[in-house]
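> missing the sequence, but the structure's below:
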């Protein structure tokens, strides 16, 4: 049986910074349990992330993600090697974890913001993949009526994806009240179809409109 290696508490705490940032962009973050970070996405999709290594156990240089939902298809797993986000090829970033003392190496050459953006994008794409045309939309996803589809399309095409209530009311105020639009935004945000603070249309909500 192969010997298993796990990050120290200090290494996990350093990586928490990355996942807390992603959690601010993608709803459904459960937290870190043991050595894994967990997301619960709409449609019954559960996602786990873990630190891994490609050289030695003291050198955590990769984040591996796995979705526990076969409907996610080719999107059900993804690797995020830190070297992919290095700004200096000769100095790839990693977490040096030796004898319980962990610290970043080559952090100055690490585009962490790009890593965070791509991790969030993968989670959004995972939502969209689950409700793709070749599978039946889960019951947790709402049916969009014609007006709701128009509102989403307007937000995407005219507001650069922003679900801005004032701008949407200016365009659709004669057909929907502020109260109804605000409640709709809250419902979609709770389902992970809109991001929070500020609200933006996710890939999943776009897929609902395009595949309806």
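Here it is on my side, so go on. Quick caveat, the model's predicted, so the values are computed rather than measured.

> show me the domain layout of the protein.
Following automatic domain parsing, the chain resolves into domains at 9-130, 146-211.

> what mean pLDDT does the first one get?
Which is domain 9-130. For domain 9-130, mean pLDDT is 88.

> which residue lies farthest from the center of this protein?
Here the centre of the chain is the reference, and by C-alpha atoms, centre = their mean the most remote residue is residue 174, at 34.7 Å.

> let me know the secondary structure of it.
With DSSP: H, G, I helix; E, B strand; the rest coil as the basis, residue 174 sits in coil.

> ditto for the one 10 residues further on
Secondary structure assignment for residue 184 (three-state DSSP): helix.

> what about the residue nearest to it when sequence neighbours are not counted, how many residues nearby?
Nearest non-adjacent residue to residue 184, counting by C-beta to C-beta, 6 or more residues apart in numbering: residue 148, 7.0 Å away. (Glycine included, C-beta is placed from N, CA and C.) Residues within reach of residue 148, counting by other C-beta atoms under 10 Å, total 20.

> again, but for residue 183
Residue 183 has 11 nearby residues by other C-beta under 10 Å.

> residue 17 too?
By the criterion of other C-beta under 10 Å, residue 17 has 11 neighbours.

> wait, is it part of a strand?
No. Residue 17 is assigned helix when assessed by three-state DSSP, not a strand.

> any idea how far it lies from residue 124?
For residue 17, the distance to residue 124 equals 21 Å [C-beta to C-beta, to the nearest Å].

> with residue 151 instead?
The value you get for residue 151 to residue 124, if C-beta to C-beta is used, is 19 Å.

> do residue 22 as well
Residue 22 is 11 Å from residue 124, by C-beta to C-beta.

> so residue 152 makes contact with residue 201?
Yes. Contact criterion C-beta atoms under 8 Å: residue 152 and residue 201 qualify, at 6.0 Å.

> now do the longest strand seen in the chain: which elements does it pack against?
Ranked by residue count, the top strand of the chain under DSSP state E comes out as strand 45-52. Here strand 45-52 touches helix 9-23, strand 36-41, strand 62-67, helix 112-130, going by 3 or more C-beta pairs under 8 Å, 6 or more residues apart in numbering; DSSP states H and E.
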